[in-house]
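> Attaching a predicted model along with its sequence, questions to come.
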Amino acid sequence: MADPYIKPYLMTAGPTPLPPAVAQVMAEPIMYHRSPAFIEVYARCLDRLKQVFQTDNDVLCFASSGSGAMESAVANLVRPGKPALVASCGKFGERWAELCDAFGAELVHHDAGWGHKVEPAELDRLLSENAGVEVAFTTLSETSTGVVNDVAALVEVARSHDVLLAVDAVSGLGAVPIPQDEWGVDVVVSGSQKALMCPPGLGFASVSERALAYADAGPGGRYYFDWARTAKGQRKDPPDSPFTPAVTLFRALDVALGLILEEEGLERVFDRHRLLGRAARAAVAGLDLDLFGPEDENANVVTAIALPEEIDGGKVPKQMRDVLGITIAGGQNQLKGKIARVAHCGYFGAFDILISVVGLEMALRELGADVELGAGVIAAQRVFAEAGEPALAPAAGA
């Protein structure tokens, strides 16, 4: 049982904290999904999602996690027995491979290594060596390591081979730029529970006309996640959903997207995430610790910290959660006990980072690491002080 006198701080990359206005709207009476009042909310969400994805495409919505949106991409694009390429660099990139296997693809899997980026030159080599590949899958922000791939460059490579590229932006959308139409990304999938500041339960697939046509040419093998069925409903006037939508979550999404687009503004949201990421990386350097993965000014979703070898790294998240009330994430799979991950995607501001760094310093010191208390906090504070007060906090709503 949690200690009621310890205030909880959620610093994971999903679920992420909710702005008060988002939480409050979900306490209001539920709507009938075919009522005019809800249809207005639904239509507004569909329009606002296009603005966040920076696209004119249909953003197809499903009652699912982000993994459901990923499955929709595989279900619509993969042909059983035909090759599909996955370029991964961590646990969630590997999920693409698992999904392709589940749907019967002849899998070509390039593992760039946990903590490394997918290099465009490697993608080019693989597509040159596997001429039968028509679809490829990769990741924008790899949540398990904090790495952010150069999607714009990867799209250029895929296009040069006339290959469709689907990108997992579940943690990255709304935190780091991925202007879909400008870059020409065929498919971008995401979820509600990370930078979009909503609870888990909504999956999104923004699908180009090119990708929709490719999916239509290979029918069968899906029902709930069929893109054509969902696109047909959403294109009606007024828009409709082929299945009962997650009404309460859409009301939360409506408020959250309003905060992102109208209260704060998308470019300012990106600036805030850049600032938070820069401060988190400065704190790591201030503590004489190493980042896990490359130093990257675009890695503004999650900061992965290599933990000192002289301590039991697996105890760091537990110490912070149980003693200090600060929930961060540890490493997954082969990185368990080796890294700690502090998120800053969504409803986070400067003081969330400072509190997390204070807690990390205290936990490391308690577990026997030779760190100087305050060194990381001072380094992060300098970053925020240089940026100025207006950049410290996200829009919260009424």
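Received the coordinates, thanks.
> Wait, a helix at residue 282?
Yes. Under DSSP: H, G, I helix; E, B strand; the rest coil, residue 282 sits within a helix.
> could you measure it against residue 337, distance?
25 Å (Cβ to Cβ, to the nearest Å). For every residue, glycine as well, the C-beta is placed using N, CA and C.
> between these two, which one's more packed in?
A direct count of neighbours by other Cβ atoms under 10 Å for residue 282 and residue 337 places residue 282 higher, at 20 against 16.
> what about the spatially closest residue to the more buried one that is not a sequence neighbour, which helix or strand?
Excluding its sequence neighbours, the residue lying closest to residue 282 (Cβ to Cβ, 6 or more residues apart in numbering) is residue 379, at 4.3 Å. Here residue 379, judged by DSSP states H and E, is contained in helix 375-387.
> And residue 166, by the same measure?
With elements taken from DSSP H and E, the one containing residue 166 is strand 164-168.
> Next SSE downstream of that strand?
Using DSSP H and E, the next helix or strand after strand 164-168 towards the C-terminus is helix 180-183.
> helices and strands around that next one, which ones?
In terms of contacts (3 or more Cβ pairs under 8 Å, 6 or more residues apart in numbering; DSSP states H and E), helix 180-183 is packed against helix 151-160.
> what packs against the helix it packs on?
helix 120-129, strand 135-139, strand 164-168, helix 180-183.
> Quick one, which of these gets closest to residue 312.
strand 135-139 (29.8 Å; Cβ to Cβ).
> Now tell me what touches that closest one from outside.
The contact list for strand 135-139 (Cβ atoms under 8 Å, 6 or more residues apart in numbering) reads 73-74, 77-78, 84-90, 92-93, 96, 100, 118, 123, 127, 149, 151, 154, 158, 163-168, 214.
> swap in stretch 35-55?
Here stretch 35-55 makes contact (Cβ under 8 Å, 6+ apart) with 31-33, 56-57, 59, 61, 173-174, 177-182, 188, 190, 196, 204, 206, 234, 238-241, 245, 247, 250-251, 253-254, 257-258, 260-261, 266.
> In ChimeraX, select just the buried ones from the residues you listed.
Only the buried entries of the contacts of stretch 35-55 go into this ChimeraX selection, using 16 or more other Cβ atoms under 10 Å:
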select :31,33,57,59,61,173,174,177,178,180,188,190,196,204,206,234,239,240,241,245,247,250,251,253,254,257,258,260,261
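> I'd like the list of the contacts of stretch 35-55 that fall within helices, please.
Counting by DSSP state H, the contacts of stretch 35-55 place 180, 181, 182, 234, 247, 250, 251, 253, 254, 257, 258, 266 in helices.
> Would you check that the residue nearest to residue 282 makes contact with residue 286?
Yes. Look at residue 379 against residue 286 with Cβ atoms under 8 Å: they come within range, at 2.9 Å.
> And these two? Which one has more around it.
The neighbour count for residue 379 versus residue 286, taken as other Cβ under 10 Å, is higher for residue 286 (22 against 19).
> Run through the residues that contact that one.
375, 376, 377, 378, 379, 380.
> again, but for residue 168
If you count contacts by Cβ under 8 Å, 6+ apart, residue 168 has them with 66, 70, 92, 93, 95, 96, 137, 138, 139, 140, 189.
> and what of residue 298?
Contacts of residue 298 by Cβ under 8 Å, 6+ apart are 148, 176.
> helix/strand/coil for it?
Residue 298 - assigned by three-state DSSP - is coil.
> which outside residues touch stretch 372-379?
Under Cβ under 8 Å, 6+ apart, the answer for stretch 372-379 is 279, 282-288, 354, 357-358, 360-362, 365.
> switch to 6 Å and redo it
Residues outside stretch 372-379 that contact it (Cβ atoms under 6 Å, 6 or more residues apart in numbering) are 282, 283, 286, 287, 354, 357, 358, 361.
> For that stretch, buried residues please.
So for stretch 372-379, counting by 16+ other Cβ under 10 Å, buried means 375, 376, 377, 379.
> Which element, helix or strand, includes the residue nearest to residue 383 when sequence neighbours are not counted?
Spatial nearest neighbour of residue 383, chain neighbours left out: residue 279 (4.1 Å); criterion: Cβ to Cβ, 6+ apart. Using DSSP H and E, residue 279 sits within helix 266-286.
> Partner strands of the helix or strand just after that helix and their direction?
Later in the chain than helix 266-286, the nearest helix or strand by DSSP H and E is strand 290-291. Strand 290-291 sits in its sheet next to strand 302-306 (antiparallel), going by DSSP bridges.
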